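Visitor: Build me a model:
(chains A and B)
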Amino acid sequence: DGGITQSPKYLFRKEGQNVTLSCEQNLNHDAMYWYRQDPGQGLRLIYYSQIVNDFQKGDIAEGYSVSREKKESFPLTVTSAQKNPTAFYLCASSRSPINQPQHFGDGTRLSIL
Amino acid sequence: GESVGLHLPTLSVQEGDNSIINCAYSNSASDYFIWYKQESGKGPQFIIDIRSNMDKRQGQRVTVLLNKTVKHLSLQIAATQPGDSAVYFCAENKGDTGNQFYFGTGTSLTVIP
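Guide: Next up is the predicted model:
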């Protein structure tokens, strides 16, 4: 089945530690996205990539980094600079260029130890 | 900033009844809208979309209505089933060159057997 796979499902971070969330898609989509979901709030865009080897900051990029070395993969690193990382992180992908539905993975829940 | 909002945070319906979930949007440049369903602990699932050149679009048991005059979007679910219990939220495109969206905070639908 085609889809988006996020791993791990649950992740714990220690103080001062960087952690990386994995996102893989086999939908042959050009564009990929990372969102953060907090209770009572709409999804907020962290980073997005419209093509391999290119990515753009979203609304809340501070404390996060990404790479897009392969079309299928868009990993997100939550750095120690992100002071409030506890959230549900969602990865999505879509066809290009515009007005295309974004399809989501099942998320990674990140908590602080 | 512009945002997408929902009129009711929670909605309870009897199994077999029809459900109506509403969404107000404020970005007059938006021309593409999506409804998503999100079950607990999972990623959002695409339900149906509509473009601004349409007023109504039907899917399987779902209908989306778009009223551009009052910037209002609704999702109608026919013969609501227990499996429809979830959070539903709408998304509007930002009308820019990227495939980016504003996401609403969601309405929690509970179906009473």
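
Visitor: check which helix or strand covers the spatially most central residue of chain A.
Guide: Nearest to the mean C-alpha position of chain A, by C-alpha atoms, centre = their mean, lies A:Trp34 at 2.9 Å. A:Trp34 is part of strand A:31-37, with elements assigned from DSSP states H and E.

Visitor: is that strand anywhere near chain B?
Guide: Yes - residues of strand A:31-37 contacting chain B under C-beta under 8 Å from any C-beta of the partner chain: A:Ala31, A:Tyr35. The way it works is simple: take the backbone N, C-alpha and C, and place the C-beta from them, glycine included.

Visitor: related to what we said a few turns ago, against chain B, how distant is the residue nearest to the centre of chain A?
Guide: 12 Å (C-beta to the nearest C-beta, to the nearest Å).

Visitor: give the contact list for that residue.
Guide: Neighbouring residues of A:Trp34 by C-beta atoms under 8 Å, 6 or more residues apart in numbering or on different chains: A:21, A:23, A:45-48, A:58, A:64, A:66, A:74, A:76, A:89-92.

Visitor: what's across from it in the sheet?
Guide: Counting by DSSP bridges, A:Trp34 is bridged to A:Tyr47, A:Cys91.

Visitor: Read off the pLDDT value for A:Leu113.
Guide: We note a pLDDT of 82 for A:Leu113 in this prediction.

Visitor: So it is in contact with A:Leu11, correct?
Guide: No - using C-beta atoms under 8 Å, A:Leu113 is not in contact with A:Leu11; the gap is 10.4 Å.

Visitor: more neighbours, the two?
Guide: Per other C-beta atoms under 10 Å in any protein chain shown, whichever of A:Leu113 and A:Leu11 has more neighbours is A:Leu11, with 17 against 7.

Visitor: Can you tell me the element the more buried one falls in?
Guide: Per DSSP H and E: strand A:10-13 holds A:Leu11.

Visitor: And the contacts of that strand?
Guide: Strand A:10-13 is contacted by residues A:Val19, A:Leu21, A:Val78, A:Pro85, A:Thr108, A:Arg109, A:Leu110, A:Ser111, A:Ile112, A:Leu113 when judged by C-beta under 8 Å, 6+ apart.

Visitor: so B:Gly83 sits in a helix?
Guide: Yes - per DSSP: H, G, I helix; E, B strand; the rest coil, B:Gly83 lies within a helix segment.

Visitor: ok, it to chain A distance?
Guide: Taking C-beta to the nearest C-beta, one finds B:Gly83 at 17 Å from chain A.

Visitor: How far does the strand holding A:Trp34 sit from its chain's centre?
Guide: Here the centre of strand A:31-37 is set off from its chain's centre by 4 Å, with C-alpha atoms, centre = their mean, to the nearest Å.

Visitor: And the lowest mean pLDDT element among the helices and strands of chain B?
Guide: For chain B, counting by mean pLDDT, DSSP states H and E, strand B:101-103 ranks last in confidence among helices and strands (a mean of 91).

Visitor: Get me the contact residues on chain A for chain B.
Guide: So chain A meets chain B at A:4, A:6, A:31, A:35, A:40-43, A:45, A:48, A:50, A:56, A:58, A:90, A:92, A:94, A:96-107, A:109 (C-beta under 8 Å from any C-beta).

Visitor: mind redoing it with 7 Å?
Guide: Within chain A, the positions lying close to chain B (C-beta under 7 Å from any C-beta of the partner chain) are A:31, A:40-43, A:45, A:48, A:50, A:90, A:94, A:96-107.
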